[in-house]
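1. how would this look folded up:
(4 chains)
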4 protein chains.
Amino acid sequence: MLNIGIIGAGRIGKVHGQSIKFHVKNAQVAAIADSFWTEESRQWAKEMGFTTYDDYHKILEDASIDAVMICSSTQTHAPISIEAIRAGKHVFCEKPVSKDLGEIKAVMQELEKTNLKYQVGFNRRFDHNFRAVREAVTSGKIGDPQIVKITSRDPDAPPIEYVKVSGGIFLDMTIHDFDMVRYLTGSDVEEIYVNGAVLVDPRIGEAGDIDTAIITMKLKNGALAVIDNSRKAVYGYDQRAEVFGSNGQVAVSNDTQSSAVISTTDGIIGEKPLYFFLERYMESFAREVSEFTEAILNDTPVPVTVVDGLQAVLIGMAAGKSFKEHRPVKVSEIQF
Amino acid sequence: MLNIGIIGAGRIGKVHGQSIKFHVKNAQVAAIADSFWTEESRQWAKEMGFTTYDDYHKILEDASIDAVMICSSTQTHAPISIEAIRAGKHVFCEKPVSKDLGEIKAVMQELEKTNLKYQVGFNRRFDHNFRAVREAVTSGKIGDPQIVKITSRDPDAPPIEYVKVSGGIFLDMTIHDFDMVRYLTGSDVEEIYVNGAVLVDPRIGEAGDIDTAIITMKLKNGALAVIDNSRKAVYGYDQRAEVFGSNGQVAVSNDTQSSAVISTTDGIIGEKPLYFFLERYMESFAREVSEFTEAILNDTPVPVTVVDGLQAVLIGMAAGKSFKEHRPVKVSEIQF
Amino acid sequence: MLNIGIIGAGRIGKVHGQSIKFHVKNAQVAAIADSFWTEESRQWAKEMGFTTYDDYHKILEDASIDAVMICSSTQTHAPISIEAIRAGKHVFCEKPVSKDLGEIKAVMQELEKTNLKYQVGFNRRFDHNFRAVREAVTSGKIGDPQIVKITSRDPDAPPIEYVKVSGGIFLDMTIHDFDMVRYLTGSDVEEIYVNGAVLVDPRIGEAGDIDTAIITMKLKNGALAVIDNSRKAVYGYDQRAEVFGSNGQVAVSNDTQSSAVISTTDGIIGEKPLYFFLERYMESFAREVSEFTEAILNDTPVPVTVVDGLQAVLIGMAAGKSFKEHRPVKVSEIQF
Amino acid sequence: MLNIGIIGAGRIGKVHGQSIKFHVKNAQVAAIADSFWTEESRQWAKEMGFTTYDDYHKILEDASIDAVMICSSTQTHAPISIEAIRAGKHVFCEKPVSKDLGEIKAVMQELEKTNLKYQVGFNRRFDHNFRAVREAVTSGKIGDPQIVKITSRDPDAPPIEYVKVSGGIFLDMTIHDFDMVRYLTGSDVEEIYVNGAVLVDPRIGEAGDIDTAIITMKLKNGALAVIDNSRKAVYGYDQRAEVFGSNGQVAVSNDTQSSAVISTTDGIIGEKPLYFFLERYMESFAREVSEFTEAILNDTPVPVTVVDGLQAVLIGMAAGKSFKEHRPVKVSEIQF
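-> Next comes the predicted model:
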């Protein structure tokens, strides 16, 4: 049984706390730390039966805690990662590891000195649908991948205050899709071109960001990829993927609450996609922690490494550069 | 927090034990009893951290236990139900309550003397798809129900030894579908006619049972219903339902492991239905116990009553009579 | 090039006239006869460039005409069939051949004296979807058929005046489905049981008919079948079929005008089925006449024989008897 | 009744000849000309009952012929267009009008002097699925278009000899998709970027062409678009489209021969898409000529103008330039 300390009791920290408690067999939450407890969060921790701290150092200092999950705000991911590694804790870090490449390098260097496990929170790799796509690809059922298509649209734009500090759509939202391109094909990205626009909310444009994008990539294995993003799909969270290859295609569509189809004079009506990532990816949050736990307990490689975390950030930065300079950009142009 | 004792550590007892431990918030398994522990079952109970007994009376005598789940063999359901009620325990009883109407009556009479909760294990009422059908019906979206269609086919026939003691397909397998007809329409069944055959395995016929059936019913609300059953659908567990009404239709299809569709020279290939009831209905097992728990904690009515259990058995008996006498049979012909 | 005379310029006569003109390669309409020409029908015939007659005997007397299509009212089908056979014409007769078994026998006897072709208008046998089902069955892809399910619902009930003279739902509407059961399985029907109701329009009940039915059958090959009928499906013409067998299942769903799916805040909305039989089965009307034409030109068997026409009527009569006597009825109980 | 002369008795000429004969009400084929008649083509024309010429000038000189359809090889489209216009014929010209912008300009100038109709053969605009998408867009059902996605993949690459003279994938194959982007959105294209590769057949690369592409566009109305092309989808002709907007999305999927779904131990298997453009778009070929015919008979605008033909060529040329110069290219960079 692995003892896990959670750092950060915000939305994603709670998701992990709850999923570990109810769905992860070989782990338990030893404590959860947050510097700004709300009344509601404290109540939640009490109901869960979790020990709470204001200072996450209490978790790092607790010798009975094997691993930490870093669920705090993005700019703290790298510094806490380094502290945790130094404290001898295995680390599960939410994405992105950092928006600063120097910080990622520092985490990687610190990690190299140890045998600790470090996993990045690309939870979609653990989703039943995307796993089925990858399985079809790696099993050779569709032959050599030639075209990868990912549709990834949120049900609604985040608050404009969040947009301003998010680091931009590529590092905040598309980063999951960049990782998915790598996961589905097993190939790195060579070059990227961004076709972006502000079509959802002009304030997003005023904040220097975009809300709609079609992003094409050349992969190192020769395949082509495209991601289309929107911050606002009124019908709900649209999460699809296709890989087309020399022997066929595999595609996954959205999950719904039920398979009910209602036929009336208005048409044949199915359910909308599950609303947002909490509903859609809840199982994947439990699975990523289960696999993290097993990697530690069995001393096997983690399924999402810090290099995976780095690559997604590099692609995101190349995307930003492509949009800014209005030209295709090689990922290798990003200095690391 | 409700303390639950489980009686019977067979397949369904384990399902409930596991789902309570991992998925039911306000309940815990205080103990599990079985008179014939296998090595593997004992190991399982140990991993779950459950107290084990050889004699279920230990559970009935334990004042800290609030409720029991009767997961033992069918012929013990009614006698243990009565013992448990007398011991002041709330009861969750697997279906069928009994294959003997006198026994069901005895349970009902015992229950009437108390304020205890008694719920029958028609788990499919708690399934996301069937709930969506019922919701479409009760909300009036499809108008007055006119035709109800249920397809219910197992992936493979049970061992012939099981078939011999099962009480026949109607009380063993179709009983869920009989309950589903009542659940989806909110109406009792008036008359039934069975068109049955032995097409899967002649040994089932030799054992006096059938393995394939089309069963039509007239409901008290005037609607017509049909169930089609097979003991063996080679492509997997086929669980569908449709309700057609004056304003439209609602239909649900099978659940699959993922939405992956693979297109090759062989065709456009989707996944088979989830294999069998454990895979297909796992969530519903947790939900039925959650609602049982809440009914006890909040002193509200249970969602599946002993009368629901009785009605399904009465319909099953009328079905048997219809098949034997080769004519439509009114449920009221069955003496209770 | 086959010369065809059409007898009856009502709805179905026009369908055939138009489809022969535009879609049947080796045939042309030599003339069309009707005893009550409306202004609109006469105009239509003029646009088509068809010779028109008031008296269909003109067609029978025309030596240049090879075949006749009998599209007149049902009670004239048999007498005109006999006249046409005597006149040496091949006959395509709309369903049913007659509601009187003696008349069908007379047609059969007349036919036996000749080498003329006689085809009955069960157009659905020529539909792309139902052909795909039959192909899956006859190719052995699904093994031995065990359960056949047909859903056949009209978008709206016919005028009550029509219902009164229609001969009842079984000979008017379900007769297509009876033939479909035989077509999909290649087996005759042994026994039938009808579960019927008046749920759409009480005037249909007052006219001695029903508007909603679930009809189960035992087939001679041992399989079971079920048809569900409604005179009014508000979402449109619902025409589906499934055959389940020892090695799998084949199912067809409704056709729509396009595959467009619109996703909005209201749900994921597909198109309703094509409205009614003219829209849904237009291609099959052309194909049945093409195959009739080829059978004549190549002197090969017609794809739907007078025996097929007879069998569907016998099943329909057994259905009527079952409903009236409230019991399963063997088709062999109907005297022929 | 319109008299049409067809110039070119190759594959597409035959398609039009046959569809006019059997499916177009107000037109007939007066003659068909080809300079190299094969035995098989001559036989076909005989069966159709068409007058044949070796020299298309016979058609242009025939005063009884109202309109010509130019189905000859691409490099003859413009010169014959000009001759036909001068001869006072309405013109239906297969795509592309020309691969030379000067020639298109010459056609346009010649046309301006007359009141003749000139339609370009973008038949997909007349397809039931794409029409449903456009209807959803123009009716406002999905709000303002933001993202357009077109998947267009052939079932197999053409012979390499054809590839060498085809003018490249953009003017040969993608030109239909460029027109579709304009048709579905009602907007012109502003800028294009091509991400292309040779993944199907290296000989295509050796011929200076590509066989796989992801092409992104900015439209004048602010929306973004993406086309993905492959010369070889082993599962068949893949023709899909989606338009995503501020109020929702509309999507169309592939057409199949039937809706049959076969469920076996191998999975749930649907039919492959209709094989190639003849099967898939046959109805659209009849409809485009019907609407051309009506535009002439009623003196209304043609549904696909020479400007539409020009725009698609301009976009195709910008695509070629983008691929060659490895950068986004504005359509306005192409001199006209």
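
2. check contacts around the nearest residue to residue A:193 once chain neighbours are set aside.
-> Excluding the flanking residues, the one nearest residue A:193 by CB to CB, 6 or more residues apart in numbering or on different chains is residue A:328, at 4.2 Å. C-betas here are computed from N, CA, C, even on glycine. Residue A:328 sits next to A:191-193, A:322, D:193, D:195, D:326-327 when contact means CB atoms under 8 Å, 6 or more residues apart in numbering or on different chains.

3. Check residue A:217 too.
-> Taking CB under 8 Å, 6+ apart as the contact definition, residue A:217 lies against A:181, A:189-193, A:224-227, A:315, D:195.

4. from those, which is closest to chain C?
-> Of all these, chain C sits closest to residue A:227, with 18.9 Å by CB to the nearest CB.

5. and that closest one, what element?
-> Assigning secondary structure by DSSP states H and E places residue A:227 in strand A:224-230.

6. For residue A:82, list the residues it contacts.
-> Contacts of residue A:82 (CB under 8 Å, 6+ apart): A:106-107, A:110.

7. Over to residue A:80?
-> By CB under 8 Å, 6+ apart, the contact set of residue A:80 is A:7, A:56, A:68, A:70, A:72.

8. And the furthest pair within those?
-> A:68 and A:72 (10.3 Å; CB to CB).

9. These two: which is more packed in?
-> Neighbours were counted for residue A:68 and for residue A:72 using other CB atoms under 10 Å in any protein chain shown; residue A:68 has more, 28 against 23.

10. name the helices or strands packed onto the one helix or strand residue A:243 maps to?
-> Secondary structure assignment for residue A:243, by DSSP H and E: strand A:238-245. Where contact means 3 or more CB pairs under 8 Å, 6 or more residues apart in numbering or on different chains; DSSP states H and E, strand A:238-245 is packed against helix A:128-138, strand A:145-153, helix A:175-185, strand A:248-252.

11. Only C-alpha atoms, please: export it in PDB.
-> Extracted C-alpha coordinates of strand A:238-245, given in PDB (Å, rounded to 0.1, in the frame of the first residue of the first chain):
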ATOM      1  CA  ASP A 238     -15.800  17.300 -28.200                       C
ATOM      2  CA  GLN A 239     -12.900  14.800 -27.900                       C
ATOM      3  CA  ARG A 240     -12.300  12.600 -31.000                       C
ATOM      4  CA  ALA A 241      -9.400  11.100 -32.800                       C
ATOM      5  CA  GLU A 242      -8.600   9.300 -36.000                       C
ATOM      6  CA  VAL A 243      -5.500   7.600 -37.300                       C
ATOM      7  CA  PHE A 244      -5.400   6.700 -40.900                       C
ATOM      8  CA  GLY A 245      -2.800   4.300 -42.200                       C
END
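
12. Next, the angle from it to strand D:145-153.
-> Per axes from the mean of the first three to the mean of the last three CA atoms, to 10 degrees, the angle that strand A:238-245 makes with strand D:145-153 is 20 degrees.

13. Pairing partners for strand A:238-245, with directions?
-> When pairing is defined by DSSP bridges, strand A:238-245 lines up against strand A:145-153 (antiparallel), strand A:248-252 (antiparallel).

14. hmm, back to that, now cross-check the contacts of residue A:82 against chain C and list the overlap.
-> Counting by CB under 8 Å from any CB of the partner chain, nothing from the contacts of residue A:82 sits close to chain C.

15. if we can go back for a sec, from the contacts of residue A:328, which is closest to residue C:87?
-> Checking these against residue C:87 by CB to CB gives residue D:195 as the nearest, at 70.9 Å.

16. Can you verify my assumption that the closest one contacts residue D:226?
-> No - Residue D:195 lies out of contact with residue D:226 (CB atoms under 8 Å); the separation is 9.7 Å.

17. before we move on, the earlier item: with pLDDT and neighbour count as extra columns, can I get the contacts of residue A:217 in TSV?
-> Listed next are these as TSV, based on pLDDT from 0 to 100; neighbours: other CB atoms under 10 Å in any protein chain shown:
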residue	pLDDT	neighbour count
A:181	98	27
A:189	98	22
A:190	98	16
A:191	98	19
A:192	98	30
A:193	98	26
A:224	98	23
A:225	98	29
A:226	98	25
A:227	98	26
A:315	98	27
D:195	98	26
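
18. about what we covered before: list just the nearest of the contacts of residue A:328 to residue A:116.
-> Looking across these and measuring by CB to CB, the closest to residue A:116 is residue A:192, at 32.1 Å.
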